[in-house]
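Asker: Have a look at this prediction, sequence included:
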Protein chains: 2
Amino acid sequence: MTQSALVKKNPELYVFLPLLYTVWSDAVLTPTEILTIRKAIDDQKWLSAEEKKFLLSNIDPANPPSPTEVKEWLQEIQTASLNPDENASLAEIGLKLVQRKTKTAISKSLDATSVSLREIEKTLGGIGRESSYLFVPDARKTSTASQSTETTFDVAAMTRLLDGKNEAIIKRVKKVIADPEFRRIDTGDLGEYRAKVLTWCSHLATQGFGSMAYPKQYGGQGDMEGYFAVMETLSYHDLSLVVKFGVQFGLFGMSIYFLGTEKHHAKYLSDIGKLNLPGCFAMTETGHGSNVKGILTTATYNHNDKTFTIHTPTEIARKEYIGNAALHGRMATVFAKLILDGKDYGVSAFVVRIREENGRTSKGVTIKDCGRKMGLNGVDNGVIYFDNVVIPKENMLDRFASVTDDGKFQSPITSDNRRFFTMLGTLVGGRIGIPRSGLSASKTALTIAIQYGDQRRQFGPEGGSEVPILNYQTHQRRLMPLLANAYAYHFALQYLTERFMNRTEEDMQEIEALAAGLKALATWNATTTIQECREACGGKGYLSENRLDDLKNDTEIYTTFEGDNTVLLQLVAKSKLTEFKQEFSNINFFGMVNYVANQAKTSIQEKNPFIVRNTDEEHLLDPEFQLNAFIFRERSLVSSAARRLKGLIDSGMDSFDAFNECQHHLVQVGFAYIERVVLEQFIAKVAATKDEALSGTLRELCDLFALSQVEKNKGWFLENGYMEGVKTKAIRKMVDQLCAKVRKRAVPLTQAFAIPKSCLAPIIIE
Amino acid sequence: MTQSALVKKNPELYVFLPLLYTVWSDAVLTPTEILTIRKAIDDQKWLSAEEKKFLLSNIDPANPPSPTEVKEWLQEIQTASLNPDENASLAEIGLKLVQRKTKTAISKSLDATSVSLREIEKTLGGIGRESSYLFVPDARKTSTASQSTETTFDVAAMTRLLDGKNEAIIKRVKKVIADPEFRRIDTGDLGEYRAKVLTWCSHLATQGFGSMAYPKQYGGQGDMEGYFAVMETLSYHDLSLVVKFGVQFGLFGMSIYFLGTEKHHAKYLSDIGKLNLPGCFAMTETGHGSNVKGILTTATYNHNDKTFTIHTPTEIARKEYIGNAALHGRMATVFAKLILDGKDYGVSAFVVRIREENGRTSKGVTIKDCGRKMGLNGVDNGVIYFDNVVIPKENMLDRFASVTDDGKFQSPITSDNRRFFTMLGTLVGGRIGIPRSGLSASKTALTIAIQYGDQRRQFGPEGGSEVPILNYQTHQRRLMPLLANAYAYHFALQYLTERFMNRTEEDMQEIEALAAGLKALATWNATTTIQECREACGGKGYLSENRLDDLKNDTEIYTTFEGDNTVLLQLVAKSKLTEFKQEFSNINFFGMVNYVANQAKTSIQEKNPFIVRNTDEEHLLDPEFQLNAFIFRERSLVSSAARRLKGLIDSGMDSFDAFNECQHHLVQVGFAYIERVVLEQFIAKVAATKDEALSGTLRELCDLFALSQVEKNKGWFLENGYMEGVKTKAIRKMVDQLCAKVRKRAVPLTQAFAIPKSCLAPIIIE
């Protein structure tokens, strides 16, 4: 329309231009809306018939202006050079334009027009203001775009807080893995990768990292806690290395250490620690993974020559997925049922040679390669068959059971079952090392995704520049709670480690339950975290160079090995029920009734109508409220599970069926218990942190952890009347706000993990 | 104790043996419980002091019996040869044993003893009955163990129902991929894998599968629906092949077909369909993936020689992740901003040669290999740079925009933005093909995990054999709802395909929203499904031979490409809001108030106190109730999102910020809308199925789909007062029951997918 002679004659027509531009540039208008605009034009009495006709011709869907023409309109409007902050309506911009053209005051008729234009804009909703941004390029300021990193705490101090007393050893390991010799390799060739990982293991052994937990007299440093820190730190690097390292020095070495006695320590530990004796931990069989008690490999004692015969009776009795077996292992701790005088004494462990020094498999041993796996392809997992392999009597790891000189079975533990679980209990360290390793992988993924999200820009307001994707609410909601989880599990696993280091016999049931539960939750959290981080990095997250694929695939099996997570959580629940049972059995029947009634009373108190609807910020951010909610959930789930089980069994249901009927419920018990412990420890950590900048930041993370868990379980809290809808809605909003807060510290919070640059990804620009 | 002379003298002492065995074999008894038992023994007046002392010595924690001794007790008890069904108490077993030994009637004192023993058992809870199973090996029958497959419908008929009218083509493709030539290869070598995939593609092209959707005059069959069926069926096989195939015949070919005109069709389509002209679809840039409108590659028109110059102005403007680019592509459809007379006319598409017939990259073109990826490593993705590459004017794909002979820009669509979205709209087919491919991968994973779960046994009742893991509630809860999802998405994607095949212009907005939303939900569902299946298969699921790793890793990018899922769901929500806006704009202000009030009335009606608490099975399984719940959720979320946005904008917030503030809410709108459509279609399918055996089974799956979704969203339903806790608890229970029901048909339901055996896994035994 700008070219028209009519406009030149009457520049007041320019008042319509911004509206017309808006109609044609992008907005999707309904026929009704177009009619409204046409009517408004038609209503202007100051326009001549010819001018009206001309204007209406410019808003005729059957006869649109050309793209080039519309672009010229835009240039024309931009000459009005609006003040960026003015945020004017289309009518105001139109008036400005007329003023520029006529250089006189606005006529009365025009003023009236602009009023009717404003009316139109109102019915069009936000469109007017939206388009006005087009007329002042790059001037639009939004609060979404302006979010950015604020470093409010000393990153190095946070790192020291995380590392705690293991600071020195963590630094040493980081130095080693940053060495060029430890550069990760990009290969699809199993042989090459496995050889590299073996070399890395040797380097670590040479530096004394492998034997760290062994007693000093066998070349170690008696530092179990240090060993965990080594595993955790190595996990920033290559996870095949971590698992190979863990199989050799942890599973193999520790089984000799914990299940064997002095003679075995003296004979093997020093060589194991130096990797002079590569070995395996041959427990799992094809037919029995979770249910190790059911393994079928036999170790039959022959008193005439004082030997055991190790044998694989059927195909499903073969040892499977055994790390270090396919290529490098020479010896193996083999779990087998001890048969003596025709009696089965349950599972014991034996040291068995599987490969000679020349690398050939030993007589009677057959080994197959498990081949390519989803991840951890630097580990040579294998299948082992034993065909009547004879080993000397002293190869039985005899701490918990042995055969006497006169050929009798002997054990301080009467029950085969108890003995089995006591034996496994000594190996609980694996359930501490694995979740700590998984957590490191989560931290790496978060560092990559969060730092990338802070740099990557995509979309933005019309008329403004593109916005870092970490500023979007959905992106924050994806990543910030997971960052909070990483800190939460860090402190929880530190707590578990301390409990384990200072364990007494009475503690063991609780520590085993804690380890099993934290292993399950932390490794599932790793799976979820790395999965979200991959998605959050889009196409870049799919490229191997950015590591998320290996992090995901390598840790994938963490939810299965060292105990299938679902099975573990049932163990945890059963352990909680046993506690419950003990609580009951020390009181008589009436006592028990009182006990249940008291529980109910507590719940009713906690459910007072004020609290279930309280949405005050102060209340929601009160650690006492948060922890009470977690405790309430835990107690309710445990006691309702107990009641349900009792009810079903009392009604005549087989106990096995009753447990199956409540299995889902029991898994929830496991979650609730562990989540409560995690929150408790996080709150304690915040309280114990003196540096206010650090504690303030941790407090935000802790709030986010607590409330995002409550949000996740809001169905349960509502169902049980512990909260009302108004409160859970307020919590949802609070989670949004906490995500936005944590986003500001997110980059420094990942920097505090202090992961060596060589372990991160090229998508992050310095 | 059995060896003792005292017992030989008084065999009535045997009455205690089952209890003693139980104490020592496994049970964890508290000190109180042991005291109770000791007291009970002490109370027996018929025992001599010596006998009491002897018995008490057998229940002294400080001096336990030996493992061998306890085993002998067991053998002794087993001589009582209990009737397996008897389910006797420990006291009864003890009495039987005495009878066997004494061969006389039970004495009065002994009878009294057994009463007091029964009292003890009661306080020990279920322990008594539990141990009694030990005495009758393998006799225990539980309902958990007895669950098994019941084939209640004709599997082949279900397959026909799933395949629908594409039965013939699906069979043809299955035959091809079952051919030995299509055997999948196990290699970590990119070159080898990519070459294999190219060969497979050629075979398919030769058989006419590639050109299927193209018009007959260019060698095709004009069968778009058939093309989708080919993609879907190929997806049981190797997903690199599917993506390579999709890039060549779908993205590259269809972009020429839909964005080009007659001259391009004639010149290219036939060669593309035969794979004589391998090509790429070069849209995404390093800097712009989701926000394609922001791409920076330029196509500058030069009128003097009637050419375009294609150029990559900056590093982030390079084309990235381009399939077929690293090795095989010769031509590419390149998306670039058209610059004419210094004006930017937005994104158009151009055909550009990138590699000569001799395989060398064309002048001005630089290509890099994207290298190893998380999955799809049989596809040669690359990065492309253009350094002022000149192409003739006719290489512009000019269906929606062109340059006239006199060098002017011309388009039937005025707005650059509209034109861009219209152009993209024609490519919506990709958003149908990808979710259908992802669904096939889900079906493969489910077939593997469910059939394995039906065979794999682990754990079992004490004294019974091990139980198939698919009989465990947690396992059913993991897999059965996902099986229901697979059927649900199958019918929903069939519906989407039909809508697409019969589209009119008015339908397009709805179809685009449906496709975007179903793409997002179905691909996320694939990620979740395959992840669960991997975990459900434990260690076996980690071995590459069992395919779950590739299924997971290959489909991983499905949630990112063809539109990032989170971005897509926001588009869907905005589309719903536009509908909303249209509903409003045809009524005046008072009309709108009435409208909102009516909405509220509906809600209140639906929230009548009887219904929110109704837990009748009939009600919960009523499709009308289920669908109403989904509709209520959808409408509430849409209208509350609209109100929130309006409120924020009215209060002066920038609209971009307002949308960001509601982003999480908008994503929920997308979910709710698509889930409603999926349920609606599933219900319609059940209703339309005549065969009652089939419809009955589908009805169970549909109920499970509906109620497990409600359970997932129960927090929302409770929060909004649509259900009360008593109802959501009943739904949880109903989901448990439906899982157990569906478990019985689960194996045949996966068999109905009729996936070629060569595409499944060795862990499944025939």
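Answerer: Nice, I can see it. Bear in mind the structure is a predicted one, so any value in this text is a computation, not a measurement. Numbering: from 1, shown residues only, chains lettered A, B, ... in the order given.
Asker: So which residues of the stretch 251-400 of chain A form helices?
Answerer: For the stretch 251-400 of chain A, the helices defined by DSSP state H, counting those that start in this stretch cover A:253-259, A:262-264, A:270-273.
Asker: Residue in the stretch 251-400 of chain A with the shortest distance to chain B?
Answerer: Closest to chain B within the stretch 251-400 of chain A is A:Met374: 3.5 Å, counting by CB to the nearest CB. Every C-beta, even on glycine, is put in place using the N, C-alpha and C of the backbone.
Asker: Nearest residue to that residue in space, please, no chain neighbours.
Answerer: Nearest residue to A:Met374, sequence neighbours excluded (CB to CB, 6 or more residues apart in numbering or on different chains): B:Asp549, at 3.5 Å.
Asker: Now do the same for the helix or strand hosting the one you found: mean pLDDT, whole number.
Answerer: Per DSSP states H and E, B:Asp549 falls inside helix B:548-555. The pLDDT scores in helix B:548-555 average 98.
Asker: Distance from the chain centre to it, please.
Answerer: Between the centre of helix B:548-555 and the centre of its chain there are 12 Å (CA atoms, centre = their mean, to the nearest Å).
Asker: try stretch A:187-194
Answerer: Relative to the mean C-alpha coordinate of its chain, stretch A:187-194 is positioned 28 Å out (CA atoms, centre = their mean).
Asker: which other residues reach the helix holding B:Asp549?
Answerer: Identification of contacts with helix B:548-555 by CB atoms under 8 Å, 6 or more residues apart in numbering or on different chains yields A:373-375, A:549, A:553, B:238-240, B:243, B:374-376, B:437-438, B:441, B:444-445, B:448-449, B:523, B:526-527, B:530-531, B:533-534, B:537, B:541-542, B:544, B:761.
Asker: coming back round to it: verify the stated contact: the residue of the stretch 251-400 of chain A closest to chain B with B:Ser544.
Answerer: Yes: with contact defined as CB atoms under 8 Å, A:Met374 reaches B:Ser544; the gap is 6.7 Å.
Asker: Tell me the residues of the stretch 251-400 of chain A that contact chain B?
Answerer: Counting by CB under 8 Å from any CB of the partner chain, the residues of the stretch 251-400 of chain A lying close to chain B are A:284, A:288-291, A:294, A:320-321, A:343, A:345, A:370-375, A:377.
Asker: sorry, back to before: higher neighbour count, A:Met374 and B:Ser544?
Answerer: A:Met374 (21 against 18; other CB atoms under 10 Å in any protein chain shown).
Asker: that older thread, what separation do you get for the residue nearest to A:Met374 and B:Thr284?
Answerer: Distance, B:Asp549 to B:Thr284, using CB to CB, to the nearest Å: 26 Å.
Asker: Spatially, which residue comes closest to A:Gly438, not counting chain neighbours?
Answerer: A:Ala526 (3.7 Å).
Asker: And the pLDDT at the one you found?
Answerer: So, for A:Ala526, pLDDT stands at 98.
Asker: any idea how far it lies from A:Gln709?
Answerer: For A:Ala526 relative to A:Gln709 (CB to CB), the value is 17 Å.
Asker: so what are the domain limits for chain A?
Answerer: Domains of chain A are assigned by automatic domain parsing as A:5-139, A:179-427, A:431-759.
Asker: Can you list the low-confidence ranges for chain A?
Answerer: Along chain A, the parts satisfying pLDDT under 70 run over A:1-3, A:26-30, A:82-87, A:123-131, A:137-138, A:580-607, A:766.
Asker: Which stretches in it count as strands?
Answerer: With DSSP state E, the ranges of strands along chain A come out as A:279-282, A:298-302, A:307-311, A:319-322, A:331-340, A:343-353, A:365-369, A:382-386, A:389-392, A:396-397, A:402-403, A:409-410.
Asker: Go through those strands and pick out the most buried.
Answerer: strand A:279-282 (a mean of 31; mean count of other CB atoms under 10 Å in any protein chain shown).
Asker: Paired strands for that one, with orientation please.
Answerer: Its sheet considered, strand A:279-282 pairs with strand A:331-340 (parallel) by DSSP bridges.
Asker: ok, back up a step: out of the residues of the stretch 251-400 of chain A next to chain B, which end up buried?
Answerer: Listed as buried from these are A:284, A:288-290, A:294, A:320-321, A:345, A:370, A:372-375, A:377; burial here means 16 or more other CB atoms under 10 Å in any protein chain shown.
Asker: Out of those, which comes closest to B:His490?
Answerer: Nearest to B:His490 among those is A:Met374, at 26.7 Å by CB to CB.
Asker: what's the burial count for A:Ala91?
Answerer: Neighbours of A:Ala91 using other CB under 10 Å come to 24.
Asker: That one against A:Leu117, yeah?
Answerer: Yes: if you go by CB under 8 Å, A:Ala91 and A:Leu117 touch, sitting 3.8 Å apart.
Asker: list the residues that contact both of the two?
Answerer: Common neighbours of A:Ala91 and A:Leu117 (CB under 8 Å, 6+ apart) are A:Val15, A:Leu19.
Asker: are any of the contacts of helix B:548-555 buried, and which?
Answerer: A:373-375, A:549, A:553, B:238-240, B:243, B:374-376, B:437-438, B:441, B:444-445, B:448-449, B:523, B:526-527, B:530-531, B:533-534, B:537, B:541-542, B:544, B:761.
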